[in-house]
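Asks: Okay, predicted coordinates and the sequence, questions at the end:
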Amino acid sequence: MKLNRPRGTRDFTPAETEKRRYIENRMRGTAEHWGYEEVKTPTFEHTELFTIKSGEAILDELYTFKDKGGRDIALRPELTAPVLRMYVNEMSVSPKPIRLYYFENCFRYERPQKGRFREFWQFGVELIGSDSAQAEAEVIALAAAMVSDTGIEANLHIGHLGVVRGLLHGLDAQMQAEAMRLMDKKDVDGLRMLLSDQPGLRDRLPALLDADIDEARSITDDAQPLEELQATLTLLDHYGIRYEVDFGIVRGLDYYTGMVFEMYAAGLGAQNQICGGGTYRLAQLFGGSETPSCGFGIGFDRVLEVCGIEPPHAPRVVVVYLPDVTEDAIRVSRRLRDDAGVRTTIDISGRKFGQQLKHADAIGADYAVIVGAKEVEAGMVTLRDMHTGGQEMIGLDDAVLRIMGDREGEDHPASHDESAFLDLP
RNA sequence: GCUGGGGUAGGGUAGCUGGUCAUCCUAUGGGACUGUGGAUCCCACGACCCGGGUUCAAAUCCCGGCCCCGGCCCCA
């Protein structure tokens, strides 16, 4: 009986993996240019870490189990909590602010659909130790840069939880939660109905959904959140980032303290959000001292689904040889790998000459380097361009140069990206 | 959790008002072809999602499950 992979998981073929690696490394490169350093945390944590952060309700969506020592363990559903836990455990005395990024798989037990899987990958950033306007603007600008680096046009919406929270202050907790939910859904009618006996709010809250920052001033009495937001937005203008003010972004969780933002891309159906973040305080929940922070997460799988970027083509070379010169052929393949640094394969199946070429074609080789008695005698190789069919007997050094020149002539981005790409294990 | 559509070789499909050996294309391996690929021909390989029911007979009809693709809910 054939076994299939578990629901909501995926296999990635070589072509898909290559593309994922390439995009991943571009994003990595951007984060590093902004001075962020990569961290890794465990794939599983104590379940408590996530329930402390997000409440017991998330247990339904967690992969949990008891380990052999009876501990309650959960596969990580996200990385902000693990990274902040790590900060409290390992880095709380590091000089602030601390700039961290991560790229990891996460697990959520949810119904799979477009852009939603049970194992998915998140790229994220946490700027720990500051919630200044400068910090917020940097984090948002970095998110925008990462997304646009992948060739995606996304809409950036920025809001501030202080405004809604200030307005809802007098209501009981359940009403507040419901109002927040309706704000998030932009459900004007629902809001009016919910707040029908709250004349002070019934119109102001729905009005906030469409308000820009000036209009918001007339809706709320509390000027402070708006000033904070204005300071951040002013800096973002200097970063050259385009955004939309949206007080309907509520990101319901208690630990968000102020600015919140989301990015949306077309072409993803119901799961159109590719990035979400904001300013929060979590460290004290995990036993650290109160530490303002901000960060965001990018849904890597959704990015891949809409981004138009393809990895640069790296030439493929096949050494085609006759059985009586196997040793020479192996020597040639070593030179191609070591000196030219191109991906080089050589027949291991005992195929006949014609079939070796046929196979080279089938796997999409760009060049065949032909080694036979003639070549060995002349101390040369025959370099065949598999695309044009043209071929020429030349010295191995020339062949190496020719192939390397091809690689450098390809249309692909700046060298740092390429070297990062090639340095992968 | 709710809901619509769907599961036939590795991929794509025909058959699906029950009845020869389940069709065709493609991919893969080999041969025709012992120094020149993409063509052609031949051979090989390989499937009815799982379980139960109805029936002399089930890929086909019925029930349940699993899975896939969407939508809702949720979304740290």
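Replies: Received it, and whenever you're ready, just let me know what you need.

Asks: Could you count how many residues lie near the closest residue to RNA strand B within the stretch 151-300 of chain A?
Replies: As assessed by C-beta to the nearest atom of the strand, RNA strand B sits closest to A:Gly269 within the stretch 151-300 of chain A, at 2.3 Å. (C-beta placed from N, C-alpha, C; glycine too.) A count of neighbours around A:Gly269, defined by other C-beta atoms under 10 Å, yields 11.

Asks: How much space separates the spatially closest residue to it that is not a sequence neighbour from RNA strand B?
Replies: Distance criterion C-beta to C-beta, 6 or more residues apart in numbering; nearest residue to A:Gly269, sequence neighbours excluded, is A:Lys114 at 4.6 Å. For A:Lys114, the distance to RNA strand B equals 3 Å [C-beta to the nearest atom of the strand, to the nearest Å].

Asks: Would you quantify the distance from A:Lys114 to A:Tyr256?
Replies: Per C-beta to C-beta, to the nearest Å, A:Lys114 is found 27 Å from A:Tyr256.

Asks: The two: which is more packed in?
Replies: A:Tyr256 (21 against 13).

Asks: residues from the stretch 251-400 of chain A in reach of RNA strand B?
Replies: Within the stretch 251-400 of chain A, the positions near RNA strand B by C-beta under 7 Å from any atom of the strand are A:251-253, A:269-271, A:273, A:276, A:297, A:322, A:349, A:351-355, A:357-362, A:370, A:372-375, A:382, A:384, A:386-389, A:391.

Asks: thinking again about what came up before, give the contact list for the residue nearest to A:Gly269.
Replies: Residues in contact with A:Lys114, defined by C-beta atoms under 8 Å, 6 or more residues apart in numbering, are A:268-271.

Asks: 10 Å instead?
Replies: A:267-272, A:302, A:305 (C-beta atoms under 10 Å, 6 or more residues apart in numbering).

Asks: next one: A:Val39
Replies: Per C-beta under 10 Å, 6+ apart, neighbours of A:Val39: A:79, A:82-83, A:86-87, A:90-91, A:98, A:100-104, A:126.

Asks: that older thread, switch the contacts of A:Lys114 over to CSV; also include pLDDT, secondary structure and distance to A:Glu119.
Replies: Below are these laid out as CSV (pLDDT from 0 to 100; DSSP: H, G, I helix; E, B strand; the rest coil; distance: C-beta to C-beta, whole Å):
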residue, pLDDT, secondary structure, distance to A:Glu119
A:Gly267, 76, coil, 22
A:Leu268, 79, coil, 18
A:Gly269, 74, coil, 20
A:Ala270, 75, coil, 19
A:Gln271, 79, coil, 15
A:Asn272, 87, coil, 21
A:Arg302, 91, helix, 14
A:Glu305, 86, helix, 15
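
Asks: Just the buried ones from these, in ChimeraX syntax?
Replies: Selection of buried members from the contacts of A:Lys114 for ChimeraX, criterion 16 or more other C-beta atoms under 10 Å:
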select /A:268,271,272,302,305
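
Asks: And the furthest pair within the contacts of A:Lys114?
Replies: Largest separation among these by C-beta to C-beta: A:Ala270 and A:Glu305, giving 12.8 Å.

Asks: what touches both of those two?
Replies: With C-beta under 10 Å, 6+ apart, A:Ala270 and A:Glu305 have common neighbours A:114-115.

Asks: so where is chain A shaky, pLDDT-wise?
Replies: A:1-2, A:252, A:407-425 (pLDDT under 70).

Asks: Break it down into its structural domains.
Replies: The record's domain parsing of chain A by automatic domain parsing lists A:14-306, A:316-409.

Asks: Make a markdown table from these and add distance to A:Asn4 to it.
Replies: Below are those laid out as a markdown table (distance: least, C-beta to C-beta, whole Å):
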| stretch | distance to A:Asn4 |
| --- | --- |
| domain A:14-306 | 13 |
| domain A:316-409 | 27 |
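
Asks: Quick one: closest of those domains to A:Leu3.
Replies: Per C-beta to C-beta, nearest to A:Leu3 of these: domain A:14-306, 16.6 Å.

Asks: roughly how far is that closest one from the heart of the chain?
Replies: Taking C-alpha atoms, centre = their mean, to the nearest Å, the mean C-alpha location of domain A:14-306 is offset from the chain mean by 14 Å.

Asks: ok so, going back, with respect to A:Arg204, which of the contacts of A:Lys114 is nearest?
Replies: Nearest to A:Arg204 among the contacts of A:Lys114 is A:Asn272, at 28.0 Å by C-beta to C-beta.

Asks: Show me where the stretch 301-425 of chain A has its helices.
Replies: Secondary structure of the stretch 301-425 of chain A by DSSP state H, counting those that start in this stretch: the helices cover A:326-335, A:353-362, A:373-378, A:396-409, A:415-422.

Asks: quick one: the fourth one to helix A:326-335, angle?
Replies: Meaning helix A:396-409. 40 degrees (axes from the mean of the first three to the mean of the last three C-alpha atoms, to 10 degrees).

Asks: For helix A:396-409, which helices and strands make contact with it?
Replies: Here helix A:396-409 touches strand A:316-321, helix A:326-335, strand A:367-371, strand A:381-385, strand A:391-394, helix A:415-422, going by 3 or more C-beta pairs under 10 Å, 6 or more residues apart in numbering; DSSP states H and E.

Asks: can you list the ones you listed in JSON lines and add distance to A:Glu119 and mean neighbour count?
Replies: Putting the helices and strands packed on helix A:396-409 into JSON lines (distance: least, C-beta to C-beta, whole Å; neighbours: other C-beta atoms under 10 Å) gives the following:
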{"stretch": "strand A:316-321", "distance to A:Glu119": "30", "mean neighbour count": "25"}
{"stretch": "helix A:326-335", "distance to A:Glu119": "37", "mean neighbour count": "17"}
{"stretch": "strand A:367-371", "distance to A:Glu119": "38", "mean neighbour count": "25"}
{"stretch": "strand A:381-385", "distance to A:Glu119": "42", "mean neighbour count": "21"}
{"stretch": "strand A:391-394", "distance to A:Glu119": "47", "mean neighbour count": "14"}
{"stretch": "helix A:415-422", "distance to A:Glu119": "24", "mean neighbour count": "15"}
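
Asks: packing partners for the longest helix seen in chain A?
Replies: Counting residues, the longest helix in chain A under DSSP state H turns out to be helix A:14-33. Applying 3+ C-beta pairs under 10 Å, 6+ apart, one finds that helix A:14-33 contacts strand A:37-38, strand A:98-107, strand A:119-128, helix A:133-149, helix A:300-306, helix A:415-422.
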